[in-house]
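Trainee: What would the 3D arrangement of this be:
(one chain, ligands or ions: 2)
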Amino acid sequence: MKEKIYKIAIIPGDGIGPEVIREGCKVLDVVSKKHSFSLAKTEFDFGGGRYLKTGHILSDDDIKNFKKFQAIYLGGIGHPEVKPGILERGILLKLRFDLDQYINLRPVRLYENVETPIKNKTPQDIDYTVIRENTGDLYTGVGEFKNKGSKEEVAIQSMIYSYKQVERSVRYAFEYCQNRHQSEPWRGLSSSEKSKGYIGKVTMCGKTNVLTYVFDLWQRVFQEIANEFPKILTDYVHVDAMCIYMIEAPERFDTIVTSNMFGDIITDLAAVTQGGMGVAPSGNINPKGVSMFEPVHGTAPQFTGQNVINPIAAIASGAMLLNHLGEKAAAQELEKAMRTVIKQMKSMQVGKMGMTTSQVGDAIVEQLSKN
Ligand code: IPM
Ligand code: MN
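Mentor: Ligands and ions are numbered 1, 2, ... in the order given. Okay, the predicted model is just below:
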């Protein structure tokens, strides 16, 4: 049988991006070999370093080129010597927007043996997924200054959503929830809910009490889609209250769907509850196009080159990439090896892991080589 080859674009990016992506590629190579496929990787040097040297950010031709790949694996984008916004908007957001990666999939799982700052919460309690809309909202960049630099200045940044943007994200959330609980209902269901045939729950996070245009639209669309999924319970939580419940009662959540800006904020909070930024993976998904996988953390420039950063978030993003390619057995095996190594690590925090960045990758390779 001919070996399957997937074309993957690698963007290590800035700061500690290259270090965590190096470990990610290391374990991906080993697990793909075991499962008789290979990743044909092409590396790209987009990021602050190249921008400072050449002035090149990311062009429409670059975007066209990325469409030839089956997925993108990215470390982090941002540089202390570049004004905030240039690289974020010019590279990261351009990739998300132009490749129409309209879902930012952010699973929140507390792995066994990982310390959470929330007292008395266990891996059973923290196990949900945030579906963050990834193309609209305050992120569209629509806005203006009036009378800039004067005492009469007004700055405007618009929150924009179309029906279609909301519809495809909310639909994705319900479908995700349905798929996840096809064979095993969500553990948070009460016995009476289970006996009624429910399999999971989708919670919408918004701010309907203040943002009466945008979240009015979201709520109507949410209701419309919910009607198509009679086996899924629905819930609504304002974004401010969300910050209470994610700490006090994370077991309340199964699948959360929310807007781009709120999703950005609540997933940093979520990452802390799962042990820190060193753990949280993500996928920018275009179900019919090119998707991109990256750790939620940034570039942590102060730790560059020290081999102290936790690569787990990047490695878990790699497992999501495999899953997305349809290599589910390989993804599961990588997850399993990762969970075993996590149990050997002292902490998920920078410099406290009891291992270096490369030792974490090596330990996962060793696990993968065992069976
Ligand atoms: C994230 C990041 C980005 C975002 C920044 C770097 C533009 O914070 O992926 O969460 O706001 O989406
Ligand atoms: Mn963020």
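
Trainee: at contact distance from ligand 1, anything in the host helix or strand of Asn323?
Mentor: Element membership of Asn323 [criterion: DSSP states H and E] is helix 312-325. No - Helix 312-325 does not reach ligand 1 (Cβ under 6 Å from any ligand atom); its nearest approach is 11.5 Å. In this view, the C-beta of every residue, glycine as well, is placed from N, C-alpha and C.

Trainee: give the contact list for the residue of the stretch 51-200 of the chain found nearest ligand 1.
Mentor: At 3.8 Å from ligand 1, Glu88 is the closest residue in the stretch 51-200 of the chain, using Cβ to the nearest ligand atom. Contacts of Glu88 were listed using Cβ atoms under 8 Å, 6 or more residues apart in numbering, and they are Ile77, Gly78.

Trainee: Same question for Tyr163.
Mentor: Tyr163 neighbours (Cβ under 8 Å, 6+ apart): Leu217, Val221.

Trainee: Tyr111 and Arg339 touch, don't they?
Mentor: Yes - applying Cβ atoms under 8 Å as the test, Tyr111 and Arg339 come out as touching, 5.8 Å apart.

Trainee: Asp216: how many residues sit nearby?
Mentor: For Asp216, the neighbour count with other Cβ atoms under 10 Å is 12.

Trainee: go on, Lys201?
Mentor: Lys201 has 21 nearby residues by other Cβ under 10 Å.

Trainee: ok, it touching Val257?
Mentor: No - counting by Cβ under 8 Å, Lys201 does not reach Val257; the two are 11.0 Å apart.

Trainee: Please name the bridge partners of Thr234.
Mentor: Following DSSP bridges, Thr234 is listed with bridge partners Val202.

Trainee: Tell me the spacing between it and Cys243.
Mentor: 20 Å (Cβ to Cβ, to the nearest Å).

Trainee: Tell me the residues of the stretch 1-150 of the chain that contact ligand 1?
Mentor: Residues of the stretch 1-150 of the chain lying near ligand 1 (Cβ under 6 Å from any ligand atom): Glu88, Leu92, Leu93.

Trainee: mind listing which of those are in strands?
Mentor: Per DSSP state E, strands hold no members of those.

Trainee: want to try TSV for those, with pLDDT and distance to Ala40 as columns?
Mentor: Output for those, formatted as TSV (pLDDT from 0 to 100; distance: Cβ to Cβ, whole Å):
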residue	pLDDT	distance to Ala40
Glu88	95	29
Leu92	97	24
Leu93	97	27
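
Trainee: and Ser32, what does it touch?
Mentor: Contacts of Ser32 (Cβ under 8 Å, 6+ apart): Ser38, Leu39, Leu322, Glu327, Ala330.

Trainee: SS state for the first one?
Mentor: Per DSSP: H, G, I helix; E, B strand; the rest coil, the secondary structure class of Ser38 is strand.

Trainee: how many other residues sit next to it?
Mentor: Ser38: 15 surrounding residues under other Cβ under 10 Å.

Trainee: what pairs with the residue nearest to Tyr172 when sequence neighbours are not counted across the strands?
Mentor: For Tyr172, ignoring the flanking residues on the chain, the nearest one in space by Cβ to Cβ, 6 or more residues apart in numbering is Ile103 at 5.2 Å. According to DSSP bridges, the partner residues bridging Ile103 are Glu133, Ile285.

Trainee: returning to what we had before: how much space between the residue of the stretch 51-200 of the chain closest to ligand 1 and Ala270?
Mentor: 21 Å.

Trainee: next one: Ser59
Mentor: Separation of Ser59 from Ala270 (Cβ to Cβ): 34 Å.

Trainee: These two: who's more crowded?
Mentor: Each of Ser59 and Ala270 has its neighbours counted (other Cβ under 10 Å); Ala270 has more, 25 against 11.

Trainee: Quick one: distance of whichever strand or helix holds the more buried one to the chain centre.
Mentor: Assigned by DSSP H and E, Ala270 belongs to helix 260-273. For helix 260-273, the separation from the chain centroid amounts to 10 Å (computed by Cα atoms, centre = their mean, to the nearest Å).

Trainee: same deal with stretch 174-191?
Mentor: 20 Å.

Trainee: what does stretch 132-146 give?
Mentor: With Cα atoms, centre = their mean, you get 19 Å for stretch 132-146.

Trainee: tell me how far the ends of that stretch are from each other?
Mentor: This stretch, stretch 132-146, spans 31 Å end to end (Cα to Cα, to the nearest Å).

Trainee: State the distance from the residue in the stretch 251-371 of the chain that ligand 1 sits nearest to to Leu58.
Mentor: Residue nearest to ligand 1 within the stretch 251-371 of the chain: Asp264 (4.5 Å; Cβ to the nearest ligand atom). Distance, Asp264 to Leu58, by Cβ to Cβ: 20 Å.

Trainee: Those two - which one has more neighbours?
Mentor: Between Asp264 and Leu58, counting by other Cβ under 10 Å, Leu58 is the more crowded of the two (22 against 18).

Trainee: Pretty sure the more buried one sits against Asp45.
Mentor: No - applying Cβ under 8 Å as the test, Leu58 and Asp45 come out as separate, 11.1 Å apart.

Trainee: Name the residues linked to the residue lying closest to Asp29 once chain neighbours are set aside by a beta bridge.
Mentor: Once flanking residues are discounted, Asp29 sits nearest to Leu39: 7.0 Å by Cβ to Cβ, 6+ apart. On the basis of DSSP bridges, Leu39 is bridged to Tyr6.
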